[in-house]
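**Student:** need a 3D model of the following:
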Amino acid sequence: MIRYKKQLTTLAVLLVLGGCNAEGDAPVVEQVEERVALVRTLEIEPEEVTDLAVLSADLLPRRRATLAAEVPGVIEELSVEMGDRVEAGRVLVRIDTRALRQQVAEAEALFVQAQDRYERAESLFERRSITKQAHIDAVAARDVAQARLGAVRLALEKSEVKAPWSGRVAAKRVEVGDYAAPGQPLLELVEVRRLKVRAPASAADVPYLRIGAPVIVRVDVLPGEEFEGEVVRLGAELDPDTRTLDVEAELDNPEGRLRPGMFGRMEIPRQTLSAALLVPLAAVVDFEADKVVYVVEDERARRQIVSMGPVVGDRVVVTAGVTAGDRVVVSGQQGVADGQRVTDVEES
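**Tutor:** Below is the predicted model:
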């Protein structure tokens, strides 16, 4: 142990002597220059911002109808193709109308006959030339003929499948010559000039939702564009599995650029913050269990723990830890230590 201490002492003396100059002067002590970090900073100023709930959304047709056959028969006419625009009341499909028109003609003839017999019976009954029972039979025959005529006319009307409202043909299930049974789907019609946008909102967003609230819808296939709408329906209860509430908005689509089935995002305003302090999300650093930013004071970086509020775009509201006028490091913070000297590259 004594020998080891002597060796350390000798080494220390040699190190000191090695620092002397040639004339034997005092040893020269070199000062290590402090490293300066190059950063970019941003001075925080209070501003008014709107906190948005951004929800993943699906675009749906405002209305969808499956048009089915109401009478049996062969498809005689089919006047539309998939994707065609149709107006309300237009005849889209005709089913076996020739046979039904013959039935209508027959029922009209029988009604005329029954009506004539009724009128003669009425005249004879007034003169008491026929019994009351004969008069009742004539009235009943007239009513039955009238009812049958109405039934075949209704069947003829139902043989023409009409558009209940204006829209586009989303699917065609039959062709001319096919036999249609009652209830068989023929066409699918959707309304696309106005669309529904449906999204699930988290339980935290529910207190801010209201019918009539304005929304902005963005779709992935049309980047940079936004479409305005409003909330028209809210779910009655939260889904027990996902703890989300269905939100439905509607928006106009007069040019038809948006199509049902597109995926997008619905932005709903939750609250307006009048004097919010915002920093870029990139300026916030994870330090152990805390979120921190670096505030520059007297050209030195000071690590500051912060509390964060809602995210607004690529920035976040800081609710505690910074004050208005602070200069926060927004670039280069990953290479900065607490108390280190920094230089703002934009000011140098």
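**Student:** spatially nearest residue to Arg63, not counting backbone neighbours?
**Tutor:** In this structure, Arg63 finds its nearest non-sequential neighbour in Glu191, 4.3 Å apart by CB to CB, 6 or more residues apart in numbering. C-beta here means a position set from N, CA and C on the backbone, and glycine is covered the same way.
**Student:** how many residues are close by the nearest residue to Leu55 once chain neighbours are set aside?
**Tutor:** In space, and not counting its chain neighbours, Leu55 is closest to Ala199: 3.7 Å by CB to CB, 6+ apart. Using other CB atoms under 10 Å, Ala199 has 23 neighbouring residues.
**Student:** what packs against the helix or strand hosting Ala199?
**Tutor:** Per DSSP states H and E: Ala199 is located in strand 185-202. Applying 3 or more CB pairs under 8 Å, 6 or more residues apart in numbering; DSSP states H and E, one finds that strand 185-202 contacts strand 47-68, strand 91-95, strand 167-172, strand 244-252, strand 263-276.
**Student:** out of those, deepest packed?
**Tutor:** Neighbour counts (mean count of other CB atoms under 10 Å) averaged over each of these peak at strand 91-95, with a mean of 21.
**Student:** show me the beta-bridge partners of the residue nearest to Leu55.
**Tutor:** On the basis of DSSP bridges, Ala199 is bridged to Val247.
**Student:** could you pull out the helices for the stretch 1-150 of the chain?
**Tutor:** For the stretch 1-150 of the chain, the helices defined by DSSP state H, counting those that start in this stretch occupy 2-18, 97-126, 132-158.
**Student:** for the residue nearest to Arg63, which residues are in contact?
**Tutor:** Residues counted as contacts of Glu191 (CB atoms under 8 Å, 6 or more residues apart in numbering) are Pro61, Arg62, Arg63, Arg64, Trp165, Ser166, Gly167, Arg168.
**Student:** pLDDT added to those residues, as CSV?
**Tutor:** Shown next, in CSV, are these (pLDDT from 0 to 100):
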residue, pLDDT
Pro61, 94
Arg62, 93
Arg63, 93
Arg64, 94
Trp165, 93
Ser166, 93
Gly167, 92
Arg168, 93
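**Student:** now these in JSON lines, with distance to Gly73?
**Tutor:** Converted to JSON lines, the contacts of Glu191 look like this (distance: CB to CB, whole Å):
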{"residue": "Pro61", "distance to Gly73": "29"}
{"residue": "Arg62", "distance to Gly73": "32"}
{"residue": "Arg63", "distance to Gly73": "27"}
{"residue": "Arg64", "distance to Gly73": "26"}
{"residue": "Trp165", "distance to Gly73": "25"}
{"residue": "Ser166", "distance to Gly73": "27"}
{"residue": "Gly167", "distance to Gly73": "25"}
{"residue": "Arg168", "distance to Gly73": "26"}
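**Student:** ok, those residues vs Val215, which is closest?
**Tutor:** Arg62 (15.1 Å; CB to CB).
**Student:** and the closest one, what does it touch?
**Tutor:** Glu191, Val192, Arg193, Arg194, Leu195, Lys196, Glu250.
**Student:** same thing but at 6 Å, please
**Tutor:** By CB atoms under 6 Å, 6 or more residues apart in numbering, the contact set of Arg62 is Glu191, Arg194, Leu195, Lys196.
**Student:** those: which two are farthest apart?
**Tutor:** Greatest spacing in these, by CB to CB: Glu191 and Lys196 (9.6 Å).
**Student:** for the chain, what are the low-confidence residue spans?
**Tutor:** Low-confidence segments of the chain (pLDDT under 70): 1-33, 347-348.
**Student:** the residue nearest to the spatial centre of it and Phe227, how far apart?
**Tutor:** Central residue of the chain (CA atoms, centre = their mean): Ala57, 2.6 Å from the mean position. Distance of Ala57 to Phe227, computed by CB to CB, to the nearest Å: 11 Å.
**Student:** let's see stretch 122-129 as CSV, backbone CA atoms only.
**Tutor:** Taking C-alpha atoms only, stretch 122-129 is exported to CSV below (Å, rounded to 0.1, in the frame of the first residue of the first chain):
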residue,chain,number,x,y,z
GLU,A,122,-132.6,2.4,-58.0
SER,A,123,-135.2,3.6,-60.4
LEU,A,124,-137.4,0.5,-60.0
PHE,A,125,-137.0,0.5,-56.2
GLU,A,126,-138.3,4.1,-56.1
ARG,A,127,-141.4,3.0,-58.0
ARG,A,128,-141.6,-0.1,-55.7
SER,A,129,-141.3,-2.4,-58.7
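**Student:** contact partners of it?
**Tutor:** Ile130, His135.
**Student:** not counting sequence-adjacent ones, nearest residue to Ala275?
**Tutor:** Pro46 (4.0 Å).
**Student:** after the strand holding Ala199, which helix or strand is next?
**Tutor:** Moving toward the C-terminus from strand 185-202, the next element (DSSP H and E) is strand 214-219.
**Student:** give me the sheet partners of that following strand and which way each runs.
**Tutor:** By DSSP bridges, strand 214-219 pairs with strand 227-234 (antiparallel), strand 263-276 (antiparallel).
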